[in-house]
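# Give me coordinates for this.
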Amino acid sequence: MDNMVFKALSDPNRRQILKLLSDAPLSAGEISREFDLALSTLSGHFKLLKEAGLIREEKKGNHIFYNLNTSVMEETLNLMMEIFKKDKPQLHTIKQKGQ
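Down below sits the predicted model:
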């Protein structure tokens, strides 16, 4: 997993897009109705989310539908759980042993 995922997750608008897509795929128009942003700005958000692998797009006729890439989401969640695991040694404990 590269840093693009964390860059994508750093913006609240992109996190909101992911939240909207958690229930079902949505068209770009359906998503845009939930934001007070220019279409070009939303398009930039979609681009970054796609580059990070967090969403996929599917063209149906004149519409583009977006959905979550659940495998990347699961990978990200697993990494975060590993980073913040409760049973990992505390930093001050590690420093004391290394002194």
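# Kindly provide the distance from Glu82 to Ala52.
19 Å (C-beta to C-beta, to the nearest Å). C-betas here are computed from N, CA, C, even on glycine.
# Compare the two (neighbour count), which wins?
Ala52 (21 against 9; other C-beta atoms under 10 Å).
# I'd guessed the more buried one sits against Val72; true?
Yes: using C-beta atoms under 8 Å, Ala52 is in contact with Val72, at 7.4 Å.
# all strands of the protein, in order?
Secondary structure of the chain (DSSP state E): strands at 26-27, 55-60, 63-68.
# Can you check which of the ones you listed gets nearest to Leu42?
Of all these, strand 63-68 sits nearest to Leu42, with 10.6 Å by C-beta to C-beta.
# got a list of contacts for the closest one?
17-18, 21-22, 24-29, 31, 46, 49, 54-59 (C-beta atoms under 8 Å, 6 or more residues apart in numbering).
# switch the cut-off to 6 Å
For strand 63-68, contacts defined as C-beta atoms under 6 Å, 6 or more residues apart in numbering pick out Leu21, Pro25, Ser27, Ala28, Ile55, Arg56, Glu57, Glu58.
# Enumerate the positions of that strand that are buried.
Ile64, Phe65, Tyr66, Leu68 (16 or more other C-beta atoms under 10 Å).
# Please put the alpha-carbon coordinates of it into CSV.
This file holds the C-alpha atoms of strand 63-68, laid out as CSV (Å, rounded to 0.1, in the frame of the first residue of the first chain):
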residue,chain,number,x,y,z
HIS,A,63,-23.2,8.1,-16.8
ILE,A,64,-20.3,7.1,-14.7
PHE,A,65,-21.0,5.1,-11.5
TYR,A,66,-18.5,4.8,-8.7
ASN,A,67,-18.2,2.0,-6.1
LEU,A,68,-15.8,1.1,-3.3
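# Give me the number of neighbouring residues for His45.
Neighbours around His45, by other C-beta under 10 Å: 19.
# actually Glu51, not the one I typed
Residues near Glu51, counting by other C-beta under 10 Å: 14.
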